[in-house]
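In: Everything below, folded, please.
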Amino acid sequence: MKEKIRELQEQLTQYNYEYHVLDKPTVPDAVYDQLLRELFDLEKEYPEYKTEDSPTVRVGGQILDRFEKVEHSSPMLSLSNAFNEEDLRAFDHRVRKVISDVEYMCELKIDGLAVSLSYENGRFTVGATRGDGTVGENITENLKTIRAIPLKIDATSSFEVRGEAYMPKNSFEKLNAAREENGQQVFQNPRNAAAGSLRQLDTKLTAQRNLSIFLYGLTRQEIFDIDTQSKSLETLDDLGFKTNKERKVAKDIDEVIEYVEYWQAHRLDLPYEIDGIVIKVNNLEAQEKIGYTVRSPKWAIAYKFPAEEVETKILDIELTVGRTGVITPTAILEPVRVAGTTVSRASLHNHELIEARDIRINDTVIIHKAGDIIPEVVRVVMDKRTDQEVYKAPTKCPSCGHETVKLEDEVAIRCINPTCPAQIVEDIIHFVSRGAMNIDGLGEKFVIQLYEAELIKDVADLYTLKYEDLIKLDRVGDKKATNLLNAIEASKKQPLEKVLFGLGIRFLGQKASRLLAEEFLSIDNVMEATAERLVEIPEIGEVIAQSVVTYTQNDDFVDLIEKLKQNGLEMKQEAFEQESNLFNDMTFVLTGKLENLTRNEAKSRIEENGGKVTGSVSKNTTVVVAGSDAGSKLEKANELGIEVWSEAELLERLGE
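Out: Below you'll find the predicted structure:
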């Protein structure tokens, strides 16, 4: 029976590859389904013969608790943008300053979700979102439901491939039709639908969404003897991955522009959404010579298609007050179809823009979707204007009636009333959000409900809520009240970095919050820090430092911190324990396959002993630790005369 199961697995894997990668099915769907059902039954009867790469795992069914964090082996960088021919020629000019003889690889820019797939000894082991480029979320089980992703390939090395997961147009239309029929909110576009599908905790739901993927990159190209991006894509094809065949090697920038113009005119003919073209220097050695900025490679650029423009009418201008008091105007429109969805609201950004474009209520206007996502008013159709009155910026806050102000050097109009209800509610919504205190079950509507019931007036009041308060509210039963109180209680132990981010200090994002938390370890130390002390922390500049001090010296903020303390919040951070100063002031780069340590373990060992680990070799690199199959980083280290250690030498110096 083992042989029968293995035979079915191999047969279905081949049929799956032909259908989802080659787009050349060799058997009818009914035959595939019948064989899959047979395999299901056999694996159920003989579970000891079911493998991790069996075609049956693709139907999902596993319920996940959460998504764990995954560190990428090398950063997933974003690309700089080009919006017209002039931008493309400027890019070409910059490239030719470094490389005189250059050809470009042109690829369609798929409108989906960037992901990385890790393979070890030929098996798909971990799949992750791009995240912040360094750390993403582990969505392995959901990615296994994408039939275009091979669960096993003919390769023995360990490496990552990068690609774009997407929802085909027909899958998107079917999904939205079903949601509409069930009274559910429809997705705005296929990209949002794909992203939402891959973040389902029930993998069976992801499987039902019929996602696909195009792969476009390998992280360890040296092990495949690859010297160009075009050869990289051919290698991906040979390994059994699905790549986009509508690619082209362009001999010069004129051919690039021809390719861009062709697909700009034909993009709607494709069975999937694209929002531009990615242009890369084809030669990999040339890419390294051209180099990188902090955020993106200098050898690549993304041409963004201009957005579709349509005409409609502004029925009203709605004002909303944000967490920092900024009053934002939004145009209420006659519903109109644009870029595949119906739009009834559009961003006006700020009141200076309204004045500059002379936008008025009842004007006929042209709108588009900025980045094909956010509806935006482009201009007024002046020929259709009649007797509309000039729109005047608000002098009173729409939430509390307090007089508005316009601070120097800012375009925003603000409400600076600290008791403004809209701001308080937004503060609380931010505080309980996933990136901050992560209080599960406390969404935006529930926060508003608690505030309107006068049960909370600030974030500290969340920790005074009682069961008898909650059970009286509409649609709050015993289970919901109990779960919420448990989640609030659990949040008291959130680390200091989460509290700092949740408090909404201006300019203090998640990364800066973590840096402060790791430096000061407690809220008391943060409250005592001076601006001079704050700027001593790498990556904390004067703007952030001054903002933190402004908050910590504010009496209301001090009172809030005391209230949080009294309500049981710990607001502490575990200290990073450095074992020794062995590698102080040394910068390491890890390359190749390590035998005894994972990449993350090696990084941790180095940092625990005072060293710093970066992703690329430069003149500032002290040591390159090279494992087997080390490639271009090792070559660059040798060119620059940088010291190279083996993994054994690293372990020996660590005394391991």
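
In: Where does pLDDT dip in the stretch 451-600 of the chain?
Out: 576-577 (pLDDT under 70).

In: Glu308 is in contact with Val338, correct?
Out: Yes. Look at Val338 against Glu308 with CB atoms under 8 Å: they come within range, at 5.9 Å. Where you see a C-beta, it was placed from the backbone N, CA and C, and this is true even at glycine.

In: Domain map for this structure?
Out: 2-59, 71-304, 309-405, 421-491, 496-566, 587-653 (automatic domain parsing).

In: can you tell which of those domains is closest to Ile413?
Out: Within the domains of the chain, the stretch nearest Ile413 is domain 309-405; the backing value is 5.0 Å (CB to CB).

In: now do the same end-to-end measure for that closest one.
Out: End-to-end distance of domain 309-405 (CA to CA, to the nearest Å): 34 Å.

In: Who is the residue nearest to Thr395 when sequence neighbours are not counted paired with across the strands?
Out: Spatial nearest neighbour of Thr395, excluding adjacent residues (CB to CB, 6 or more residues apart in numbering): Thr404 at 5.8 Å. Thr404 has the following beta-bridge partners by DSSP bridges: Cys415.

In: burial count for Thr404?
Out: By other CB atoms under 10 Å, 21 other residues sit near Thr404.

In: list residues touching both of Val338 and Glu308?
Out: 368-369 (CB atoms under 8 Å, 6 or more residues apart in numbering).

In: Comparing the two, which shows the higher neighbour count?
Out: Val338 (20 against 14).

In: Now the more buried one: closest residue in space that isn't a chain neighbour?
Out: Using CB to CB, 6+ apart, the nearest residue to Val338 is Val310, at 4.7 Å.

In: Give the phi and psi angles for the one you found, as a check.
Out: phi -140, psi 160 (degrees, to the nearest 10).

In: Might one say that it is in contact with Pro335?
Out: No. Judged on CB under 8 Å, Val310 makes no contact with Pro335 at a distance of 11.0 Å.

In: which one of the two has more residues nearby?
Out: Val310 (17 against 10).

In: show me the contacts for that one.
Out: 336-338, 366-368.

In: and those residues as a markdown table, adding secondary structure and pLDDT?
Out: Listed next are the contacts of Val310 as a markdown table, based on DSSP: H, G, I helix; E, B strand; the rest coil; pLDDT from 0 to 100:
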| residue | secondary structure | pLDDT |
| --- | --- | --- |
| Val336 | strand | 91 |
| Arg337 | strand | 85 |
| Val338 | strand | 81 |
| Ile366 | strand | 92 |
| Ile367 | strand | 91 |
| His368 | strand | 85 |
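
In: And the furthest pair within the residues you listed?
Out: With CB to CB as the measure, no two of these lie farther apart than Arg337 and Ile366, at 14.1 Å.

In: how close does Trp263 get to Ser54?
Out: Trp263 is 38 Å from Ser54, where distance means CB to CB, to the nearest Å.

In: what's the answer for Arg267, then?
Out: Distance, Arg267 to Ser54, using CB to CB: 37 Å.

In: same check, this time on Ala626
Out: Taking CB to CB as the measure, Ala626 falls 37 Å from Ser54.

In: again, but for Lys619
Out: On the measure of CB to CB, Lys619 and Ser54 end up 50 Å apart.

In: what's the span of stretch 503-516, first residue to last?
Out: 13 Å.

In: Helix, strand, or coil at Leu205?
Out: helix (DSSP: H, G, I helix; E, B strand; the rest coil).

In: Verify the contact between it and Leu198 for me.
Out: No. Checked against CB under 8 Å, the pair Leu205 and Leu198 is beyond contact range at 10.5 Å.

In: The two: which has the busier surroundings?
Out: When neighbours are counted by other CB under 10 Å, Leu205 and Leu198 differ, and Leu198 comes out ahead with 24 against 15.

In: if we can go back for a sec, which one of Lys619 and Ser54 has more residues nearby?
Out: Ser54 (20 against 7).

In: re earlier: can you tell me which of the contacts of Val310 has the largest number of neighbours?
Out: The member of the contacts of Val310 that has the most neighbours, counting by other CB under 10 Å, is Ile367 with 24 neighbours.

In: Was I right to think that one contacts Glu376?
Out: Yes. Ile367 is within contact range of Glu376, at 6.4 Å (criterion: CB under 8 Å).

In: list residues touching both of those two?
Out: Shared contacts of Ile367 and Glu376, defined by CB under 8 Å, 6+ apart, comprise Ala346.

In: can you redo the domains of the chain as TSV with distance to Glu579?
Out: Below are those laid out as TSV (distance: least, CB to CB, whole Å):
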stretch	distance to Glu579
domain 2-59	37
domain 71-304	21
domain 309-405	41
domain 421-491	31
domain 496-566	16
domain 587-653	5
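
In: how about those domains, which one is nearest Lys572?
Out: So among the domains of the chain, domain 496-566 is nearest, using CB to CB, at 5.2 Å.

In: For the residue most central in space within the chain, list the residues it contacts.
Out: Nearest to the geometric centre of the chain sits Gly131, at 4.0 Å (CA atoms, centre = their mean). By CB under 8 Å, 6+ apart, the residues touching Gly131 are 69-70, 76, 137.

In: now the helices: where do they sit in the stretch 501-650 of the chain?
Out: 510-520, 523-528, 531-534, 542-552, 555-566, 599-608, 632-640, 647-653 (DSSP state H, counting those that start in this stretch).

In: and these as JSON lines, adding mean neighbour count?
Out: JSON lines is the format used below for those (neighbours: other CB atoms under 10 Å):
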{"stretch": "helix 510-520", "mean neighbour count": "20"}
{"stretch": "helix 523-528", "mean neighbour count": "17"}
{"stretch": "helix 531-534", "mean neighbour count": "16"}
{"stretch": "helix 542-552", "mean neighbour count": "17"}
{"stretch": "helix 555-566", "mean neighbour count": "14"}
{"stretch": "helix 599-608", "mean neighbour count": "17"}
{"stretch": "helix 632-640", "mean neighbour count": "17"}
{"stretch": "helix 647-653", "mean neighbour count": "16"}
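
In: Which one, of the ones you listed, ends up nearest to Lys109?
Out: Of the helices of the stretch 501-650 of the chain, nearest to Lys109 by CB to CB is helix 632-640, at 25.6 Å.

In: In CSV, list the C-alpha atoms belonging to the closest one.
Out: Extracted in CSV, the C-alpha atoms of helix 632-640 (Å, rounded to 0.1, in the frame of the first residue of the first chain):
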residue,chain,number,x,y,z
SER,A,632,29.8,36.9,-4.2
LYS,A,633,30.1,38.1,-0.6
LEU,A,634,33.2,36.0,-0.1
GLU,A,635,34.6,37.2,-3.4
LYS,A,636,34.0,40.8,-2.4
ALA,A,637,35.7,40.2,1.0
ASN,A,638,38.8,38.9,-0.8
GLU,A,639,38.8,41.9,-3.1
LEU,A,640,38.7,44.3,-0.2
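
In: Least confident secondary structure element in this protein?
Out: Among the helices and strands of the chain, helix 29-45 carries the lowest confidence by mean pLDDT, DSSP states H and E, at a mean of 77.

In: who are the neighbours of that one, in terms of helices and strands?
Out: helix 2-20 (3 or more CB pairs under 8 Å, 6 or more residues apart in numbering; DSSP states H and E).

In: show me where pLDDT drops low in the stretch 51-200 of the chain?
Out: Residues of the stretch 51-200 of the chain that meet the criterion pLDDT under 70 lie in 58-65, 180, 182-184, 188.

In: Which parts of it are strands?
Out: Taking DSSP state E, counting those that start in this stretch as the criterion, the stretch 51-200 of the chain contains strands spanning 69-71, 81-82, 104-110, 113-120, 123-129, 135-137, 159-166.

In: Out of those strands, which gets nearest to Leu151?
Out: strand 123-129 (4.9 Å).

In: My guess is Leu462 contacts Ile456. True?
Out: Yes. Using CB under 8 Å, Leu462 is in contact with Ile456, at 5.9 Å.

In: what's the overlap in contacts for those two?
Out: Ile428.

In: got a pLDDT number for the most far-flung residue of the chain relative to its centre?
Out: In the chain, Asp387 marks the outermost C-alpha relative to the chain mean, sitting 45.7 Å out by CA atoms, centre = their mean. pLDDT recorded at Asp387 is 87.

In: Appreciated, that's everything.
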